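Q: using only what follows, build the 3D model:
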Amino acid sequence: MKVKLKTSLSGLDFSYKKGEEVELEDKKAKEWIEAGVATEVKGKEQPKKASTTKPKTDG
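A: The predicted model follows:
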């Protein structure tokens, strides 16, 4: 399961920064979500594209 960290976490064999998205085993992901240190990432979100439209001007 993919989760997004609400806080930085580290252990003997891992180190994650706040906001990082990581893939974890379902059991570990659920534990972290229940503990309030992560949220589940659902689906594949595409990055938002910047608008390229020009503002209309009166003229």
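
Q: mind checking pLDDT for residue 15?
A: Residue 15 is assigned a predicted lDDT (pLDDT) of 95.

Q: which residues touch it?
A: By C-beta atoms under 8 Å, 6 or more residues apart in numbering, the residues touching residue 15 are residue 9. Glycine gets a C-beta too; all of them are placed from N, C-alpha and C.

Q: which residues does it bridge with?
A: Counting by DSSP bridges, residue 15 is bridged to residue 10.

Q: count residues in the vicinity of residue 29, would you?
A: Here the number of neighbours of residue 29 (other C-beta atoms under 10 Å) works out to 19.

Q: please report phi then psi for it.
A: phi -60, psi -50 (degrees, to the nearest 10).

Q: can you tell me the closest non-neighbouring residue to it?
A: residue 1 (3.9 Å; C-beta to C-beta, 6 or more residues apart in numbering).

Q: number of nearby residues for the one you found?
A: Residue 1 has 17 neighbouring residues, counting by other C-beta under 10 Å.

Q: what does residue 3 give?
A: By other C-beta under 10 Å, the residues close to residue 3 number 21.

Q: ok so it is a helix residue?
A: No: with DSSP: H, G, I helix; E, B strand; the rest coil as the criterion, residue 3 is strand rather than part of a helix.

Q: beta partners for it?
A: residue 22, residue 40.

Q: isn't it right next to residue 22, touching?
A: Yes: using C-beta atoms under 8 Å, residue 3 is in contact with residue 22, at 6.2 Å.
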